[in-house]
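In: predicted coordinates and the sequence they were generated for:
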Amino acid sequence: MTLVAGAGVALALTGCSAVGDVASAAGEGASSAAVGAARGAALQQVCGYVEDGQLSESDLTQLRAAVRAAEAAGVEGDVVSQADELLGDGGPDEGQVAQLQAACAQAGQTPSS
């Protein structure tokens, strides 16, 4: 009888550990989803400034802040590199705006997003 009770306790403890593992994995999944959502929002914000192909001085200032926020969120790739190039010395030209628009489209951040 003691052996059966001991096995039951061991099984219950193993079950608690498994439940803890599942809860931990669920928390990590939620955290990962939140990070993904933040990165997506940052990309959408950056790409929003070049949707119409026009960049005012105010747009450039806001784009600069949006790119820094995207970098802080861990966004990497063509959108950030193209935006950095566009924001470089000398001001943007039409070709740089078009390249950033293309990078945004490739990242799934088209005007309809």
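Out: Done, it's in. Numbers count the residues shown, from 1 in each chain.

In: for residue 43, helix, strand, or coil?
Out: helix (DSSP: H, G, I helix; E, B strand; the rest coil).

In: out of everything not next to it in sequence, what's closest to it?
Out: For residue 43, ignoring the flanking residues on the chain, the nearest one in space by Cβ to Cβ, 6 or more residues apart in numbering is residue 109 at 5.3 Å. No exception for glycine: its C-beta is placed from N, CA and C like everyone else's.

In: who's in contact with the one you found?
Out: Under the criterion of Cβ atoms under 8 Å, 6 or more residues apart in numbering, the contact list for residue 109 reads 43-44, 46-47, 79.

In: once you drop chain neighbours, what's closest to residue 92?
Out: Leaving out its chain neighbours, residue 92 is closest to residue 86 (Cβ to Cβ, 6+ apart), at 4.5 Å.

In: what packs against the host helix or strand of residue 61?
Out: Taking DSSP states H and E as the definition, residue 61 sits inside helix 57-72. Contacts defined by 3 or more Cβ pairs under 8 Å, 6 or more residues apart in numbering; DSSP states H and E place helix 57-72 against helix 2-48, helix 78-86.

In: confidence-wise, which of those is weakest overall?
Out: Least confident of these, judged by mean pLDDT, is helix 2-48 with a mean of 62.

In: quick one on the thing from earlier: list the buried residues in the helix holding residue 61.
Out: Of the residues in helix 57-72, those buried by neighbour count under the rule 16 or more other Cβ atoms under 10 Å are 59, 62-63, 66-67, 70.

In: one step back: now for the contacts of residue 109: which two are most distant?
Out: Looking at the contacts of residue 109 by Cβ to Cβ, the two members farthest from one another are 44 and 79, with 10.0 Å of separation.

In: if you count surrounding residues, which of the two has more?
Out: Each of residue 44 and residue 79 had its neighbours counted (other Cβ atoms under 10 Å), and the higher figure belongs to residue 79 (24 against 16).

In: cheers, nothing more for now.
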